[in-house]
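> need a 3D model of the following:
(chains A and B)
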Amino acid sequence: MGSLRQSQTVAVLVLVAVLLVVWYIAAIFLNAPVILDRLSRDGVTPSVPELVLQTWSYTRPVLPAPHQILIDLSNTTLTLAPTSKRSLLYHAWITLSATLLGFVMGTILGVLLAVFIVHNHAANRSLMPWIIASQTVPILAVAPVIVVLCYNLLTGQNAIAQVLHLKADAAQLFSKAVISTYLSFFPVVVGMVKGLRSPELIQTDLMRTYSATTWQMLKLLRWPTAVPFLFASMKVAVAASLVGAIVAELPTGAQAGLGAKLLIGSYNGQMVQLWSALVLAAILAGALVALVGLAERITVSRMGVRPA
Amino acid sequence: MTSVVSAQSLGLTFPTADGDVVALSDVTLDVEKGEFVSFIGPSGCGKTTFLRTIADLEQPTHGSITVNAMTPRAAREARAYGYVFQAPALFPWRTIENNVALPLEVMGYAAHERHERIKRSLDLVNLTGFEKKYPWQLSGGMQQRASIARALAFDADLLLMDEPFGALDEIVRDHLNSELLKLWAATQKTICFVTHSIPEAVYLSTKIVVMSPRPGRVTDVITSTLPAERPLEIRETPEFLAIAHRVREGLRAGHSYEE
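Numbering: from 1, shown residues only, chains lettered A, B, ... in the order given. Below is the predicted model of the structure:
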């Protein structure tokens, strides 16, 4: 076991090293033309080592080198107060809050739909095609429509807005979370329909001999059986939620959030900024999936399942 | 004596893609209160189907059947029977005591009474001390004993057992057979027991129902002449062997060799 883990770590490190080498080489070839062009206008011909070093430190590169991204990342996270609007952590939190809200709503919606589908023949046949169709719609196209619609519904001159009385911030958060919900409910529905149907025949027969009600069957048998399916779905759903929140920030003129940072970076050709937002989003996704995995391990061990 | 189970020309036909399959045909049978009745026959003879019909897990297509003078459905809803399946079917996320508590929870027993009944049921199957274990921590025989405790927990007078020891090795099976007889004597329950083992059927039963396949029907009903007190050694007595012989003859007669 120990040596296996060891070798896995080594394998991962080797892969990272290979990627870094490829990245640095790619940076040379992608950035060199821009630098040569600028230097030739000044009438300077650099030596090869000079050129290579410049491709790795140029301020407006086509492809920034990894260390440039790391420096920018640490400058925008570690050295700034997290409440500052220039801090990347501030933007990450904006995105994360929409992600978490959307994930919770998506999971609840997914579970409710799955319960409904499993218990209702008509729902089983009619709902599933619509649920699948919902995911074939390009989210990038629908996201602005939904976000704008949602935001206006919550803040505009209408009955719902008057009742809820939401602040603009909260309305914006909720509008983005809706996109996260839209993406994250799907894996939960699919996983939970399968999970709620996974009790063995002998177990459902047993409950039948007790004349258990549908509710007791769900609570005592179907739900506990579906728990592993729920966690597998939630891992996919939480990553999808993050994508949803970022996509919701992209085209709607959002002022803050990782999506807004990505868009601004891309408009201004600030590739370093764009990449550090990307890297932070990836770290966030990894952390979220790991958190769900941790929750799974705790729950499963509490349920007394045989340790593997 | 009163009939606990009474079947009149009972028939059950399953429709399948290849045409109808007759699982039970013209079964007329009475199980009296306090009897231990074994159903024996080759696979496909409908013995499990008959047990499932008593339990309202299958619906008969011909004839009639009553359980405690009610329809099987009414009897099921009145919690008239406990059912032990071929596999223990314990819920892996519940401890042994919580598995035994499952029917009590479904049936809405109060917490203190649940506790009492769990203790008594586990005591009956000699599993005291294993309350907090999970099913995977127990051997196959112990798991099946836990599933019997679960069927005993709510004190139904009728126990339906579908090859409960079929998956266990012979030594464990012998042990559980003698334990089952003690349990039957202690609880005075009516037991319907499905098996494909001749010694098991003869050793346990007061009445042996021999069945044959295609279509599933009763070919012989043997009333045991063995005494109520049955040590394991009784299986070597001439009386025991004579009954076993008659069961074997019944099985052979019902079996068609033309196919």
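
> what residues are bridge-paired with B:Asp20?
Beta bridges link B:Asp20 to B:Pro15, judged by DSSP bridges.

> what are the ranges of the helices in the stretch 1-150 of chain A?
Using DSSP state H, counting those that start in this stretch, the helices of the stretch 1-150 of chain A run over A:2-41, A:48-55, A:66-77, A:88-119, A:121-136, A:139-155.

> just those: most buried one?
Comparing these by mean neighbour count (mean count of other Cβ atoms under 10 Å in any protein chain shown), helix A:88-119 comes out on top with a mean of 21. C-beta here means a position set from N, CA and C on the backbone, and glycine is covered the same way.

> where does the chain dip in pLDDT?
This is for chain A. Flagging of chain A using pLDDT under 70 yields the residue ranges A:1-5, A:252-254, A:306-308.

> try again with chain B
Across chain B (using pLDDT under 70), the flagged ranges come out as B:1, B:255-259.

> centre-most residue in the chain?
No chain specified, so I'll use chain A. A:Leu242 (2.4 Å; Cα atoms, centre = their mean).

> wrong chain, I was asking about chain B
The central residue of chain B, meaning the one whose C-alpha is nearest the mean C-alpha position (Cα atoms, centre = their mean), is B:Met161 at 2.0 Å.

> so that one sits in a strand?
Yes: inclusion of B:Met161 in a strand is indicated when DSSP: H, G, I helix; E, B strand; the rest coil is applied.

> so what's it up against?
B:Tyr83, B:Val84, B:Ile148, B:Ile191, B:Cys192, B:Phe193, B:Val194 (Cβ atoms under 8 Å, 6 or more residues apart in numbering or on different chains).

> of those, closest to B:Glu239?
Relative to B:Glu239, the closest of the contacts of B:Met161 is B:Phe193; by Cβ to Cβ it sits at 20.1 Å.

> quick check: closest non-adjacent residue to residue 57.
Using chain A. Distances taken as Cβ to Cβ, 6 or more residues apart in numbering or on different chains put A:Gln68 closest to A:Ser57, at 7.1 Å, once the chain neighbours are dropped.

> that answer is for a different chain, and I need it for chain B
A:Asp205 (5.7 Å).

> rewinding a little: hang on, the residue nearest to A:Ser57 packs against A:Ser74?
No: taking contacts as Cβ atoms under 8 Å, A:Gln68 lies outside contact range of A:Ser74: 11.1 Å.

> on that earlier part again, run through the residues that contact the residue nearest to A:Ser57.
A:Trp56, A:Ser57, A:Pro61, A:Val272.

> what residues does the stretch 101-250 of chain A have near chain B?
Among all residues of the stretch 101-250 of chain A, those adjacent to chain B (criterion: Cβ under 8 Å from any Cβ of the partner chain) are A:200, A:202-203, A:205-212, A:216, A:220-221, A:224, A:227.

> remind me what the one helix or strand B:Arg114 maps to packs against, helices and strands.
If you go by DSSP states H and E, B:Arg114 is part of helix B:111-124. The helices and strands touching helix B:111-124, judged by 3 or more Cβ pairs under 8 Å, 6 or more residues apart in numbering or on different chains; DSSP states H and E, are helix B:96-106, helix B:140-152, helix B:170-187.

> and the angle for that helix with helix B:96-106?
130 degrees (axes from the mean of the first three to the mean of the last three Cα atoms, to 10 degrees).

> could you count how many residues lie near B:Ala146?
The local packing of B:Ala146 (other Cβ atoms under 10 Å in any protein chain shown) involves 24 other residues.

> kindly apply the preceding question to B:Ser6 instead.
18.

> and if you look at the one 5 residues further on?
Summarising burial for B:Gly11: neighbours were counted as other Cβ under 10 Å, giving 19.

> so is it in a helix, a strand, or just coil?
strand.

> tell me the bridge partners for it.
Beta-bridge partners of B:Gly11, counted by DSSP bridges, are B:His62.

> what about it, distance to B:Phe130?
Plainly put, B:Gly11 is 43 Å away from B:Phe130 if you go by Cβ to Cβ, to the nearest Å.

> same question for B:Thr66.
Counting by Cβ to Cβ, the separation of B:Thr66 from B:Phe130 is 38 Å.

> measure A:Arg297 to A:Trp223 for me?
Taking Cβ to Cβ as the measure, A:Arg297 and A:Trp223 are separated by 19 Å.

> just list the residues touching the residue nearest to the centre of chain A, thanks.
A:Thr95, A:Leu96, A:Thr99, A:Ser180, A:Ala281, A:Leu284, A:Ala285, A:Leu288.

> wait, doesn't the third one sit right on A:Ala240?
No: proximity of A:Thr99 to A:Ala240 does not meet the contact threshold set by Cβ under 8 Å, at 9.6 Å.

> picking that back up, sec struct for the residue nearest to the centre of chain A, please.
A:Leu242, by the three-state scheme (three-state DSSP), is helix.

> measure it to B:Ala244 for me?
From A:Leu242 over to B:Ala244 (counting by Cβ to Cβ), the distance is 70 Å.

> what does the stretch 1-150 of chain B put close to chain A?
Neighbours of chain A within the stretch 1-150 of chain B, by Cβ under 8 Å from any Cβ: B:55-57, B:76-77, B:79, B:81-83, B:85-87, B:89, B:91-95, B:102-103, B:105-107, B:134, B:136.

> 10 Å instead, please
Residues of the stretch 1-150 of chain B lying close to chain A (Cβ under 10 Å from any Cβ of the partner chain) are B:52, B:55-57, B:73, B:76-79, B:81-95, B:98, B:102-108, B:132-137, B:147, B:150.
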